[in-house]
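Visitor: I need the structure of the sequence given here:
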Amino acid sequence: MVQATESIMVQATASESGRLGGAAGPVPPRVLVAPDSFKGSLTAEEAAAAMARGVARGWPGAAATQLPLADGGEGTAAVLVRATGGRWIRCRVTGPLGEPVEARWGLLGDGQTAVVEMAAASGLLLVPPGKRRPLEATTTGTGELIRDALDHGCRRLLVAIGGSATTDGGTGMLAALGARFLDGAGRPLPPGGGALTRLERIDLDGLDPRLRKVAIQVACDVDNPLTGPRGAARVYAPQKGATPEQVEILESGLVRLADVAARTLGHDRRDEPGAGAAGGLGFALVAFLDARLRPGAELVMDAAGFDRHLEDADLVLTGEGRTDSQTLAGKLVARVAARARRYGRPVVVISGAVDPAVEPALKEAGVAALLAATPGPVPVRQAIAQAGRNVEAAAATALALLRLGAGLARAEPPRA
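Guide: Below is the predicted model of the structure:
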């Protein structure tokens, strides 16, 4: 990573009139530390703390503001509750297979905004691999979390829809909020996507009226439609334990849901980008609750006040478990770099591993340097165990080089 360290020094020497220097020498920078989680090793909070320790080691006196972030998947609620000074609300809800589970949602610092992770109530991690029943898995618990937030007076909802165990088109969520999905005899369908092939009518008379007064934003980082070759069933149901035969049943059920919903609502949202997210939960939120789908990283950055913190920073440190081609597809690190570039702030990426192939594109996007925290080829278990120490060391190196570059840029040239 020789080029990376050179980039840091070039960034430091490029603006001699900036805040990093003066007649008395370089002034310690204000650093915004805003990483994602390092999947499998560090939460976003732990990664931010490690980077902040490295900042203090590498440039004593530098001020580090910790703003751990997320991309809308698991951990989103924790990041936002911490960033806004919010609190947790716990409640017992229906799990993906109908059993009760203990879940929680976050009430943000404004006292009006709830952040709900569907994975907390309807997530794949709640179902052991040997017990998965993809035709029956339901989003009922997610609807119960939303209803509890309404009971607490929330007027804004942020819903993170990653990590689902379900392919029910969001019907379980809607049923928990008062909708009814009926067969030809007028009987309510049982939970799960498998029963949707028998759907004849959707009754919305009992839908919670409070939903009409609530603004709903959905963290969604996929653009799959509800049905078809790229739809929820054919792309994601196999990951949730569905056999090829079950995939086709689920696909038929989602097609039926889309047809009946279009007849009921007067509009067809099955091809909306993101409608296929979380087994069709994206479709239900958009079509029935008028929700707005947004990239998860952007939603989290806005809710956490990223731009406000960025205005007061001289440098941004971010990172993730692995920086590779997926990063370029709109993951958090790339979005942090894009925003920082608008403000003219340099960005250093510190990740557990870095694919050198993405370095040119990220530098073009505004990243000054990429550093791999893992010092060399080591067993995965060792890399995970030492992740915090390695991230801290990489941050210390980055700040020490920045300090050196800033000092050299302001040194008087030798006299003849």
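Visitor: Which residue, other than its chain neighbours, is closest to Lys131?
Guide: Leu97 (7.1 Å; Cβ to Cβ, 6 or more residues apart in numbering). Bear in mind the C-beta positions are built from the backbone N, C-alpha and C, glycine included.
Visitor: Next: Arg210.
Guide: With Cβ to Cβ, 6+ apart, the residue lying closest to Arg210 is Leu150, at 4.8 Å.
Visitor: and the one you found, that one's in a strand?
Guide: No. Note on Leu150: no strand contains this position according to DSSP: H, G, I helix; E, B strand; the rest coil, which reports helix.
Visitor: quick one: contacts for it?
Guide: When contacts are counted by Cβ atoms under 8 Å, 6 or more residues apart in numbering, Leu150 touches 208, 210-211, 214.
Visitor: how much space between it and Leu315?
Guide: Using Cβ to Cβ, to the nearest Å, we find Leu150 at a distance of 42 Å from Leu315.
Visitor: so where is the stretch 1-150 of the chain shaky, pLDDT-wise?
Guide: Across the stretch 1-150 of the chain, residues meeting the criterion (pLDDT under 70) sit at 1-25.
Visitor: now do 80
Guide: Counting by pLDDT under 80, the stretch 1-150 of the chain has low-confidence residues at 1-25, 73-74.
Visitor: Which stretches in it count as strands?
Guide: Per DSSP state E, counting those that start in this stretch, the stretch 1-150 of the chain has strands spanning 30-33, 63-66, 87-94, 100-107, 113-117. These are given in chain order.
Visitor: Kindly present these as a markdown table, with separate columns for mean neighbour count.
Guide: As requested, the strands of the stretch 1-150 of the chain are arranged in a markdown table below (neighbours: other Cβ atoms under 10 Å):
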| stretch | mean neighbour count |
| --- | --- |
| strand 30-33 | 24 |
| strand 63-66 | 19 |
| strand 87-94 | 16 |
| strand 100-107 | 20 |
| strand 113-117 | 27 |
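Visitor: which stretch among those strands comes nearest Gly276?
Guide: strand 113-117 (18.7 Å; Cβ to Cβ).
Visitor: now the closest one against strand 100-107, angle please.
Guide: Using axes from the mean of the first three to the mean of the last three Cα atoms, to 10 degrees, the interaxial angle of strand 113-117 with respect to strand 100-107 works out to 140 degrees.
Visitor: Which secondary structure elements does strand 113-117 sit against?
Guide: Taking 3 or more Cβ pairs under 8 Å, 6 or more residues apart in numbering; DSSP states H and E as the contact definition, the neighbouring helices and strands of strand 113-117 are helix 76-84, strand 100-107, helix 140-151, strand 156-160.
Visitor: Each with direction, which strands does it pair with?
Guide: Strand 113-117 has these partner strands in its sheet, going by DSSP bridges: strand 100-107 (antiparallel), strand 156-160 (parallel).
Visitor: out of those strands, which comes closest to Ala261?
Guide: When those are ranked by distance to Ala261, counting by Cβ to Cβ, first place goes to strand 156-160 at 18.7 Å.
Visitor: so how far is the helix or strand following that closest one from its chain's centroid?
Guide: Under the assignment DSSP states H and E, the closest C-terminal helix or strand after strand 156-160 is helix 171-176. With Cα atoms, centre = their mean, to the nearest Å as the basis, helix 171-176 stands 23 Å off its chain's centre.
Visitor: which residue packs closest to Gly61, ignoring adjacent ones?
Guide: According to Cβ to Cβ, 6+ apart, the nearest residue to Gly61 is Pro28 (3.7 Å).
Visitor: check contacts around that neighbour.
Guide: Residues 59-63 are the ones in contact with Pro28 under the rule Cβ under 8 Å, 6+ apart.
Visitor: one more time with 10 Å
Guide: Applying Cβ atoms under 10 Å, 6 or more residues apart in numbering, one finds that Pro28 lies in contact with 19-20, 55-56, 59-63, 314, 399, 403, 406.
Visitor: is it true that Arg269 touches Phe288?
Guide: Yes. With contacts defined as Cβ atoms under 10 Å, Arg269 counts as touching Phe288 at a distance of 9.0 Å.
Visitor: any residues in contact with both of the two?
Guide: Ala261.
Visitor: neighbour-wise, which of these two wins?
Guide: The residue with more neighbours, out of Arg269 and Phe288, is Phe288; 22 against 19, by other Cβ atoms under 10 Å.
Visitor: Can you get me a residue count around the nearest residue to Ala357 once chain neighbours are set aside?
Guide: Using Cβ to Cβ, 6+ apart and skipping the chain neighbours, the partner closest in space to Ala357 is Ser325 (7.3 Å). Here the number of neighbours of Ser325 (other Cβ under 10 Å) works out to 11.
Visitor: again with the one 5 residues further on
Guide: Each residue near Gly330 was counted by other Cβ under 10 Å, and the total is 17.
Visitor: mind listing what it touches?
Guide: With Cβ under 10 Å, 6+ apart, Gly330 has these contacts: 71, 221, 223, 295-298, 338.
Visitor: Next, give me the two most distant ones among the residues you listed.
Guide: Put simply, by Cβ to Cβ the two of the contacts of Gly330 set farthest apart are Asp223 and Ala338, 18.2 Å from each other.
Visitor: Show me this protein divided up by domain.
Guide: 2-69+305-410, 76-297 (automatic domain parsing).
Visitor: distance between stretch 78-85 and the chain's centre?
Guide: In this view, stretch 78-85 has its centroid 13 Å away from the chain centroid, taken as Cα atoms, centre = their mean.
Visitor: for Val391, what are its contacts?
Guide: Applying Cβ under 10 Å, 6+ apart, one finds that Val391 lies in contact with 35, 38, 41-42, 46-51, 53-54, 317, 319, 350-352, 371, 373-374.
Visitor: Show me the strands in the stretch 301-416 of the chain, by range?
Guide: Under DSSP E, counting those that start in this stretch, the stretch 301-416 of the chain gives strands at 315-318, 322-323, 347-351, 353-354, 367-372.
Visitor: Specify the stretch among those that is closest to Ala233.
Guide: When these are compared by Cβ to Cβ, strand 322-323 sits nearest Ala233, at 28.8 Å.
Visitor: average pLDDT across the closest one?
Guide: Predicted confidence along strand 322-323 averages 91 (mean pLDDT).
Visitor: Show me what it packs onto, helices and strands only.
Guide: Under the contact criterion of 3 or more Cβ pairs under 10 Å, 6 or more residues apart in numbering; DSSP states H and E, the helices and strands touching strand 322-323 comprise strand 347-351, strand 353-354, strand 367-372.
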